[in-house]
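Colleague: Next one to model:
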Amino acid sequence: MKKKTMLAVLAVLFTVIIAAGLYDHYFAFKPDMHFVISENTEPKDFHLQIITLMLGTDENHPMPKEFEDNLIAFMDWNNAIITDLYEYIQPIDIYAYGEIKDGKVIIRYAGTVTSQDGEKLDYKEEAAFDFGIIPELVGFE
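Modeller: Numbers count the residues shown, from 1 in each chain. The predicted structure is shown next:
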């Protein structure tokens with residue numbers, strides 16, 4: 001009797017493991033996600049690093065709502081930063097930073113800008129995004 005019970009438990013455990021593996025391989029949402037820094041160094045007094053998100057998904061796997069919400073939040077935040085930076089005059093010297101901390105992507109823009117009045121100002125903006133996966137950071141130091 002103990003032997004049959006043990007075999008039944010092992011069979012159920014094996015079935016669960018196989019089912020989880022099949023789900024992960026065939027049905028789970030697994031995007032190919034990279035954050036990339038691109039630089040603008042033209043003209044001479046305008047140095048701006050911009051963070052771009054490269055995202056590849058399989059259209060057969062639905063995007064989770066939480067992932068989509070973070071994706072939209074990142075794009076809105078990033079576009080607002082870039083729009084804001086074009087309100088300043090040259091010289092502009094902005095660097096982009098990114099890191100993974102506690103499973104979240106931390107993105108930061110920092111440097112110096114010049115106001116319309118010619119005043120040199122420190123600039124720093126930072127935000128955290130939780131995509132539920134760990135993306136690759138390309139070009140970040």
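Colleague: The helix or strand hosting E39 pairs with which strands, parallel or anti?
Modeller: Assigned by DSSP states H and E, E39 belongs to strand 32-40. Strand 32-40 has its sheet partners listed here by DSSP bridges as strand 46-56 (antiparallel), strand 136-138 (parallel).
Colleague: Let me know which of the ones you listed is the nearest to P64.
Modeller: strand 46-56 (13.5 Å; C-beta to C-beta). Any C-beta I mention is one placed from the backbone N, CA and C, and that applies to glycine too.
Colleague: just checking, V9 is part of a helix?
Modeller: Yes - the assignment for V9 by DSSP: H, G, I helix; E, B strand; the rest coil puts it in a helix.
Colleague: partner residues bridging the residue positioned nearest the centre of the chain?
Modeller: Most central in the chain under C-alpha atoms, centre = their mean is V105, positioned 5.4 Å from the mean C-alpha point. When bridges are called by DSSP bridges, V105 pairs up with I100, F129.
Colleague: Skipping adjacent residues, who's closest to I89 in space?
Modeller: Spatial nearest neighbour of I89, excluding adjacent residues (C-beta to C-beta, 6 or more residues apart in numbering): T114 at 5.1 Å.
Colleague: And the one you found, how far from Y123?
Modeller: Here the criterion is C-beta to C-beta, to the nearest Å. By it, T114 lies 10 Å from Y123.
Colleague: and what of Q49?
Modeller: Q49 sits 12 Å away from Y123, taking C-beta to C-beta as the criterion.
Colleague: picking up where we left off before, ok, the residue nearest to the centre of the chain - contacts?
Modeller: 35, 74, 98-99, 128-131, 135, 137 (C-beta atoms under 8 Å, 6 or more residues apart in numbering).
Colleague: now the residues you listed in JSON lines, with pLDDT?
Modeller: Listed next are the contacts of V105 as JSON lines, based on pLDDT from 0 to 100:
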{"residue": "F35", "pLDDT": "86"}
{"residue": "F74", "pLDDT": "94"}
{"residue": "G98", "pLDDT": "89"}
{"residue": "E99", "pLDDT": "90"}
{"residue": "A128", "pLDDT": "95"}
{"residue": "F129", "pLDDT": "93"}
{"residue": "D130", "pLDDT": "90"}
{"residue": "F131", "pLDDT": "85"}
{"residue": "P135", "pLDDT": "78"}
{"residue": "L137", "pLDDT": "77"}
